[in-house]
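Novice: Dropping a prediction and its sequence here:
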Amino acid sequence: MRGVRGQELLRRPVRVRGIQLGRAVDLILDPGGERVLGFDVLCGDGAHRFLPIAAADAGGGEISVRSSLTLLDPAQLAFYRERGTTLTALREEELDDVVLDGDGAVAERVPKRDGDAAVA
C-alpha cells in the first residue's frame, strides 16, 4: 500500500478469496487525521461495515481480507466514525486527498487547488 492515494483505495472492491463482499466507500482516520484506522465498506446486502486496516491487504487492485468475519457490524463502524474523522470530511473541509505509507500513516496531505473549494 506504499504511496497510495486515499481516493484510489475507494475505487477498489473488498474481496475474500476472489469473492466480492462490497466496496470501500470511505476511509476512517484517527481524530487528528494522521493514520487510517480502517474502511467504511458498503456490503452486498446494503449494510455499511467497518474493516480494520490491520485486517486488510490493499495490494493488487483490490482490498482483500482472509475472512468475511473481519468486517465488523454497523455499531462498530459508528463507534469509529464518531471518534475519528473520515476522508470525506477532510475533503469537504481542507484537502483534496491523502497519500498513505505502507502501514496506513498519512505520508502526505494533498491540499485543494484554487477553485477546488467544496460546492455547497
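Specialist: Right, received. Where do you want to start?

Novice: Paired strands for the top strand by length along the chain, with orientation please.
Specialist: Assignment by DSSP state E gives strand 19-29 as the longest strand of the chain. Strand 19-29 has its sheet partners listed here by DSSP bridges as strand 13-16 (antiparallel), strand 36-43 (antiparallel), strand 85-86 (antiparallel).

Novice: what does that strand rub up against?
Specialist: Applying CB atoms under 8 Å, 6 or more residues apart in numbering, the external contacts of strand 19-29 come out as 6, 9-10, 12-15, 35-44, 48-51, 63, 65, 68, 71, 77, 80-81, 84-88, 90, 98, 106. C-beta coordinates here come from the backbone N, C-alpha and C atoms, glycine included.

Novice: Going through the residues you listed, which ones are buried?
Specialist: Buried by 16 or more other CB atoms under 10 Å: 6, 9-10, 12, 14-15, 36-43, 48-51, 63, 65, 71, 77, 80-81, 84-87, 90, 98, 106, out of the contacts of strand 19-29.

Novice: if I look at Arg83, how far off is Pro31?
Specialist: 7 Å (CB to CB, to the nearest Å).

Novice: mind listing the strands for the protein?
Specialist: According to DSSP E, the strands that the chain contains are 4-5, 13-16, 19-29, 36-43, 48-52, 63-65, 85-86, 95-100, 106-111.
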